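Asks: Just the structure for this:
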Amino acid sequence: MPSEILKMTTEIVVAHASLTELTPEQLVGEIKEVYNVLSSLEGGGILEEQVSEKTGEAGSVKKPSIPLKDIVKAKYVTCLECGKKLKTLKTHLRTAHGLTAKGYYQRYDLDPKKFPLVCKDYSKARSQMAKDRGFGKK
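Replies: Numbers count the residues shown, from 1 in each chain. Got it, this is the predicted structure:
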């Protein structure tokens with residue numbers, strides 16, 4: 001059965017590596033981690049050690065898989081977790097990835113002023129709608 005686990009490990013790591021730029025050390029670490037998780041799942045073992053290791057890694061900064069200049073565009077904002085292009089990211093981050101905006105910015109070491117979670121066109125439209133309704137006038 002180890003060969004089946006090795007095949008699954010290879011497929012998982014290749015799929016992830018095709019979307020994310022990894023150093024050779026990160027690639028080896030990911031192979032080991034995925035293999036250990038799959039092996040422990042087959043044996044029915046509890047993953048407490050690996051879960052605690054993962055929470056320790058959450059504080060580390062990840063490198064975005066796309067250039068920073070391509071994250072915020074006029075018509076969409078790209079999610080660095082999964083690569084989806086959306087008008088707004090806040091709800092998507094919370095529901096799909098379990099992240100707050102603050103956690104997302106910390107994970108990728110981004111400046112909230114330079115990288116908003118809302119695309120430019122959507123922000124302008126919402127601003128204009130508020131002005132049309134009279135908000136902001138005394």
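Asks: Can you tell me the centre-most residue of this structure?
Replies: For the chain, residue 81 is the residue whose C-alpha lies nearest the centre (CA atoms, centre = their mean; 1.7 Å).
Asks: Now do the SS call for the closest residue to residue 120 other than its chain neighbours.
Replies: Nearest residue to residue 120 in three dimensions, chain neighbours excluded: residue 74, at 4.7 Å (CB to CB, 6 or more residues apart in numbering). All C-beta atoms are positioned from the backbone trio N, CA, C, and that covers glycine. At residue 74 the chain is in coil, as set by DSSP: H, G, I helix; E, B strand; the rest coil.
Asks: number of nearby residues for residue 74?
Replies: 10 (other CB atoms under 10 Å).
Asks: Give me the pLDDT for it.
Replies: Among the per-residue scores, residue 74 shows a pLDDT of 93.
Asks: The residue nearest to the centre of the chain contacts residue 98, correct?
Replies: No - at 9.9 Å, residue 81 does not count as touching residue 98 under the criterion of CB atoms under 8 Å.
Asks: for residue 66, helix, strand, or coil?
Replies: coil.
Asks: Quick check: bridge partners of the spatially closest residue to it that is not a sequence neighbour?
Replies: Spatial nearest neighbour of residue 66, chain neighbours left out: residue 78 (6.2 Å); criterion: CB to CB, 6+ apart. Counting by DSSP bridges, residue 78 is bridged to residue 85.
Asks: pretty sure residue 78 contacts residue 64?
Replies: No - with contact defined as CB under 8 Å, residue 78 does not count as touching residue 64 (9.0 Å).
Asks: anything in contact with each of these two?
Replies: residue 71 (CB atoms under 8 Å, 6 or more residues apart in numbering).
Asks: residue boundaries of the helices in the chain?
Replies: 2-19, 24-43, 48-57, 90-97, 101-108, 120-132 (DSSP state H).
Asks: mean pLDDT lowest for which of those helices?
Replies: Looking at these, the bottom one is helix 48-57 with a mean of 42.
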